[in-house]
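>>> Can you look at this prediction? I've put the sequence above it.
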Amino acid sequence: MAVIDKRVGKKGVSYRARVRVHGYPVQAKTFKRLTDAQTWAKRIETQIADGEFRNVSTQAKKQTLADVINKYREDVLPHKAPSSQRVENTYLNHWERELGSYALSFLTHEIISKKVAELKNAGDQREQLEEGQKPNKPKSPKTVKHYRDNLEILLNHAQKWGWLGAANPMQGVGRITKANKERVRFLDDDERQALLAACKASPNPQLYAVVVFALSTGARKNEILKLKLKDLDLDRQVAILRETKNRETRKVPIVGYLKDVLLDHLEWRKDYVADMENGSDFIFPRTDGKEPIDIRKAWENARDKAGIVDFRFHDLRHSAASYLAMNGASQLEIAEVLGHKTLQMVKRYSHLSEDHTRDVVKKMNSKIFKPK
């Protein structure tokens with residue numbers, strides 16, 4: 001639908017023509033004469049109706065990127081791990097916000113390339129929507145690559161569903177092959193002791209055990225917090241992680257200081273769970289027992305109290321891997337402990353490795369934690 005607005009300014013009268021059609025961005029242009037504005041608007045409407053903006057299939061004229069995202073969320077996303085779903089939803093929300101109203105027929109590699117380029121300086125729009133937030137840092141090449149690759153996956157699915165013709169607009173969008181070097185941030189001895197002391201003094205009585213678990217095994221936060229009593233066998237000294245990133249269960253050893261900490265935690269937990277109406281299956285339950293505890297605020301407070309900067313909870317995983325490498329673990333052993341299918345992800349720790357040793361997890365564990 002075309003709308004023409006008459007404008008009166010210092011330079012006289014002008015006419016602003018705007019064409020709005022579902023699935024296409026607004027087309028607008030200003031003219032000095034009304035007839036020129038009307039002619040232009042009619043021509044744009046005809047071009048859009050005839051598909052002259054892009055020579056594509058009828059289906060591509062009907063479906064928008066938002067339609068693709070919705071179908072992807074319904075048919076594809078549920079089959080991925082919860083942690084992957086959360087991350088991918090960040091990318092999907094971005095593309096829905098930026099390009100969701102575009103018909104697939106209108107998406108060109110020029111439009112997409114421009115949006116990808118804008119990402120490099122955009123920061124995180126989720127935080128920018130909140131008042132009082134500081135300006136966000138530009139996204140790293142690695143993060144931009146994730147966004148770009150996510151859009152390519154979406155459009156590849158659109159082709160499989162018959163919503164795109166043979167021409168995929170991503171074919172003209174340059175790949176981001178050189179992402180930033182993988183981050184490896186681990187705690188030195190002083191930082192580790194300061195963090196453990198702060199976690200032990202935390203008002204949250206479960207934080208210390210969670211952090212010791214992460215440092216001892218390299219398990220991810222979600223993998224730890226989702227643990228249930230049935231997953232823990234202290235007699236066999238093993239825990240089974242079921243809520244993993246790749247959705248495959250894996251076992252981690254519960255040895256040394258970690259075992260002692262968990263025994264103490266389970267004793268404390270008995271009284272804690274006894275006050276709950278229906279109890280809880282989680283090893284680290286929240287107050288109602290229905291879900292695991294949320295440690296985010298407690299973790300951030302303890303980390304800040306310890307004076308540790310540029311450190312995320314996930315870096316406890318890097319710390320564990322680094323300690324394993326420095327205590328003689330091979331890349332294969334580190335990959336097995338962390339649950340990596342290939343050695344590629346553990347090559348970042350290769351410069352820390354020494355000679356091969358046996359029982360590396362127990363050796364590392366006894367070294368970094370002081371006896372009770």
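Sure thing, it's come through.

>>> The nearest residue to D233 once chain neighbours are set aside and L229: what is the separation?
Counting by Cβ to Cβ, 6 or more residues apart in numbering, D233 lies nearest to A239, which is 7.5 Å off, once chain neighbours are set aside. Just so you know, the C-beta spots here come from the backbone N, C-alpha and C atoms, and that holds for glycine as well. Per Cβ to Cβ, to the nearest Å, A239 is found 11 Å from L229.

>>> Same question for F213.
According to Cβ to Cβ, F213 stands 15 Å off from L229.

>>> Show me which of the two is the more surrounded one.
Neighbour comparison, F213 and L229: the larger count goes to F213, with 27 against 12 (by other Cβ atoms under 10 Å).

>>> which of the residues in stretch 144-155 are buried?
By 16 or more other Cβ atoms under 10 Å, the buried positions in stretch 144-155 come out as V144, K145, H146, Y147, R148, N150, L151, E152, L154, L155.

>>> Tell me the gap between that stretch and the middle of its chain.
13 Å (Cα atoms, centre = their mean, to the nearest Å).

>>> May I have it as CSV, with CA atoms only?
What follows is stretch 144-155, C-alpha atoms only, in CSV (Å, rounded to 0.1, in the frame of the first residue of the first chain):
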residue,chain,number,x,y,z
VAL,A,144,30.0,-12.5,14.5
LYS,A,145,30.9,-15.8,12.8
HIS,A,146,28.4,-17.6,15.0
TYR,A,147,25.6,-15.1,14.0
ARG,A,148,26.5,-15.4,10.3
ASP,A,149,26.6,-19.1,10.3
ASN,A,150,23.3,-19.3,12.1
LEU,A,151,21.6,-17.3,9.4
GLU,A,152,23.2,-19.6,6.8
ILE,A,153,21.7,-22.6,8.6
LEU,A,154,18.3,-21.0,8.6
LEU,A,155,18.4,-20.3,4.8
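
>>> Let me see the residues that make contact with that stretch.
With Cβ atoms under 8 Å, 6 or more residues apart in numbering as the contact definition, stretch 144-155 has outside contacts at 65, 68-69, 72, 88, 91-92, 94-95, 99, 104, 107, 112, 116, 119-120, 139, 164, 168-170, 173, 175-176, 179.

>>> ok, 7 Å please
Here stretch 144-155 makes contact (Cβ atoms under 7 Å, 6 or more residues apart in numbering) with 68-69, 72, 88, 91, 94-95, 112, 116, 119-120, 164, 168-170, 173, 176, 179.

>>> so where does the spatially most central residue of the chain fall, helix or strand?
The centre of the chain sits closest to V87, judged by Cα atoms, centre = their mean, with a distance of 2.7 Å. Per DSSP states H and E, V87 falls inside helix 82-99.

>>> Give me the distance between L119 and V144.
5 Å.

>>> and the next element down the chain from the worst-scoring helix or strand of the chain on mean pLDDT?
Scoring the helices and strands of the chain by mean pLDDT, DSSP states H and E places helix 125-128 at the bottom, with a mean of 45. Tracing the chain C-terminally past helix 125-128 and defining elements by DSSP H and E, one meets helix 141-160 next.

>>> where are the low-confidence patches of the stretch 101-250 of the chain?
Regions of the stretch 101-250 of the chain meeting the criterion pLDDT under 70 cover residues 122-138, 166, 176-183.

>>> Can you show me the helices along it?
For the stretch 101-250 of the chain, the helices defined by DSSP state H, counting those that start in this stretch occupy 109-119, 125-128, 141-160, 189-200, 207-217, 221-225.

>>> name the helices or strands packed onto the first one?
It refers to helix 109-119. Under the contact criterion of 3 or more Cβ pairs under 7 Å, 6 or more residues apart in numbering; DSSP states H and E, helix 109-119 touches helix 141-160.

>>> re earlier: the helix holding V87 versus helix 109-119: what angle between them?
For helix 82-99 against helix 109-119, the angle by axes from the mean of the first three to the mean of the last three Cα atoms, to 10 degrees is 120 degrees.

>>> Can you give me the buried ones in stretch 227-244?
Neighbour-count burial for stretch 227-244 [16+ other Cβ under 10 Å]: L227, K228, D231, A239, L241, E243, T244.

>>> again but with stretch 203-212, I slipped
N204, Q206, L207, Y208, A209, V210, V211, V212.

>>> Quickly find the element holding A298.
Applying DSSP H and E, one finds A298 within helix 296-305.

>>> tell me what that helix is packed against?
Packed against helix 296-305 by the contact rule (3+ Cβ pairs under 7 Å, 6+ apart) you find helix 189-200, helix 207-217.

>>> and the next helix or strand after it, how far out from the chain's middle?
Using DSSP H and E, the next helix or strand after helix 296-305 towards the C-terminus is helix 315-326. Computed by Cα atoms, centre = their mean, the chain-centroid distance of helix 315-326 equals 21 Å.

>>> what angle separates helix 315-326 from helix 207-217?
Between helix 315-326 and helix 207-217, the angle comes out at 40 degrees (the same axes, to 10 degrees).

>>> which parts of helix 315-326 are buried?
D315, L316, R317, H318, S319, A320, A321, S322, Y323, L324, A325.

>>> how far away is the last one from L332?
A325 is 12 Å from L332, where distance means Cβ to Cβ.

>>> again with E300
Taking Cβ to Cβ, one finds E300 at 35 Å from L332.
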